[in-house]
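In: coordinates only, sequence not included:
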């Protein structure tokens, strides 16, 4: 799991850096809107797995949740402070500084996205709290998983499969109107659409043992990966997705299989895994500064965009 998390952190950098854009717009689509999209859902599953594994099966303990939220809250505040100079510089350099400032305030309050990647910490806290209150309301974990799956399916239909209902239904059709409103309230990636679902998936695997063999899980992972790639190609080839907020139905299956495989594979103890575990979080947190500085150097010194 430590190895997979490190790879996922690199995929997040690739998602935001778009390194293949100068080579091919199509290659950039398949990288930044394809394979790299699995990284954040995988992180959510890992977070849910370790959070739930600390608690007795079927019991969501407030004290454990509180420590989890406080820890993430401290990381969020610390790194938000570290990124303030970059945010202020971007506001200052924008054509309309007041509008840019208001956008930052809005995104920080409603999405926790002072900088685009920090939303993950914010969403993890709120998703964990949401799971706690759903438990307190009497819902079982399987019911929460179904609710999370529904909240995931709606924005995928609204964004990734926008071209289908836009082609077959008129603008006044009730389905078109409903999914258009969903685009205002649901993004393809936020605490409700992927946070609750994937943390609940991790929690389920934290409480219940996996009975599939490692070989069978490897087969499931390969098949679901190929199906995920096929779905990504399908969405691109038929120009179905709306804006950049696309996601995938089969991604849910692939990420789940990949996570199960990562907890089934047993590796010999090595100090390297602890280093990778620490690096994965650091890479995730620091990479916007890295991209900001490197792009500035490339532009000023090398004349490159």
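Out: Cool, the structure landed. No experiment lies behind these values; they were computed from the predicted model shown. Numbering: from 1, shown residues only.

In: which stretches of this protein form helices?
Out: Taking DSSP state H as the test, the helices found in the chain are 2-17, 25-32, 39-53, 62-93, 97-111, 119-136, 141-159, 162-168, 174-185, 196-207, 214-237, 249-264, 271-302.

In: If I average pLDDT within each of these, which one is lowest?
Out: Lowest mean pLDDT within those: helix 174-185, at a mean of 70.

In: Quick check: chain neighbours aside, which residue is closest to residue 76?
Out: Distances taken as Cβ to Cβ, 6 or more residues apart in numbering place residue 121 nearest to residue 76, at 4.3 Å, with adjacent residues excluded. Placement of C-beta: from N, CA and C, glycine included.

In: mind listing what the one you found touches?
Out: In this structure, residue 121 makes contact with 72, 75, 76, 79, 112, judged by Cβ atoms under 8 Å, 6 or more residues apart in numbering.

In: same question, residue 97
Out: Residue 97 makes contact with residue 91, according to Cβ under 8 Å, 6+ apart.

In: if I look at it, how far off is residue 219?
Out: 55 Å (Cβ to Cβ, to the nearest Å).

In: cool, and residue 47?
Out: The value you get for residue 47 to residue 219, if Cβ to Cβ is used, is 27 Å.

In: and the contacts of residue 121 as CSV, adding distance to residue 205 and neighbour count?
Out: Output for the contacts of residue 121, formatted as CSV (distance: Cβ to Cβ, whole Å; neighbours: other Cβ atoms under 10 Å):
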residue, distance to residue 205, neighbour count
72, 20, 18
75, 24, 15
76, 26, 20
79, 28, 20
112, 26, 21
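
In: is it possible to export the residues you listed to a markdown table including distance to residue 230?
Out: Shown next, in a markdown table, are those (distance: Cβ to Cβ, whole Å):
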| residue | distance to residue 230 |
| --- | --- |
| 72 | 36 |
| 75 | 37 |
| 76 | 37 |
| 79 | 37 |
| 112 | 33 |
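
In: Nearest to residue 258 among those?
Out: Each of the contacts of residue 121 was checked against residue 258 using Cβ to Cβ; the closest is residue 72, at 23.3 Å.

In: Next, the contact list for the closest one, please.
Out: Residue 72 neighbours (Cβ under 8 Å, 6+ apart): 121, 124, 125.

In: so what's residue 90 closest to, chain neighbours aside?
Out: residue 100 (7.0 Å).

In: and that neighbour, what is it in contact with?
Out: 90, 91, 94 are the contacts of residue 100 under Cβ under 8 Å, 6+ apart.

In: wait, doesn't residue 280 sit right on residue 12?
Out: No: look at residue 280 against residue 12 with Cβ atoms under 8 Å: they stay out of range, at 9.4 Å.

In: how far away is the residue nearest to residue 90 from residue 137?
Out: Look at residue 100 and residue 137: by Cβ to Cβ, they are 40 Å apart.

In: Repeat that for residue 254.
Out: 31 Å.

In: Also residue 106?
Out: From residue 106 to residue 137 the distance is 30 Å (Cβ to Cβ).

In: between these two, who's got more neighbours?
Out: In this view residue 106 and residue 137 are compared by other Cβ atoms under 10 Å, and residue 106 has more residues nearby, 11 against 8.

In: Now do residue 178 against residue 171, distance only.
Out: Counting by Cβ to Cβ, the gap from residue 178 to residue 171 is 12 Å.

In: Between these two, point out the one with more neighbours.
Out: residue 178 (13 against 8).

In: any idea how far the residue nearest the centre of the chain is from residue 168?
Out: When Cα atoms, centre = their mean is applied to the chain, the residue found nearest the centroid is residue 40 (3.0 Å). For residue 40, the distance to residue 168 (Cβ to Cβ) stands at 31 Å.

In: same thing with residue 235?
Out: Using Cβ to Cβ, residue 235 is found at 16 Å from residue 168.

In: Between these two, which is the more surrounded one?
Out: Neighbour count, other Cβ under 10 Å: between residue 235 and residue 168, residue 235 has more, with 23 against 10.

In: The more buried one touches residue 250, doesn't it?
Out: No: under the criterion of Cβ under 8 Å, residue 235 is not in contact with residue 250, lying 10.8 Å apart.

In: Next up, the contacts around the residue lying closest to residue 122 once chain neighbours are set aside.
Out: Nearest non-adjacent residue to residue 122, counting by Cβ to Cβ, 6+ apart: residue 112, 2.2 Å away. By Cβ under 8 Å, 6+ apart, the contact set of residue 112 is 76, 118, 119, 121, 122, 123, 126.

In: Out of those residues, give me the one that has the most neighbours.
Out: Neighbour-wise, those (other Cβ under 10 Å) top out at residue 123, 26 neighbours.

In: show me what contacts it?
Out: Here residue 123 is in contact with 111, 112, 190, 191, 195 (Cβ under 8 Å, 6+ apart).
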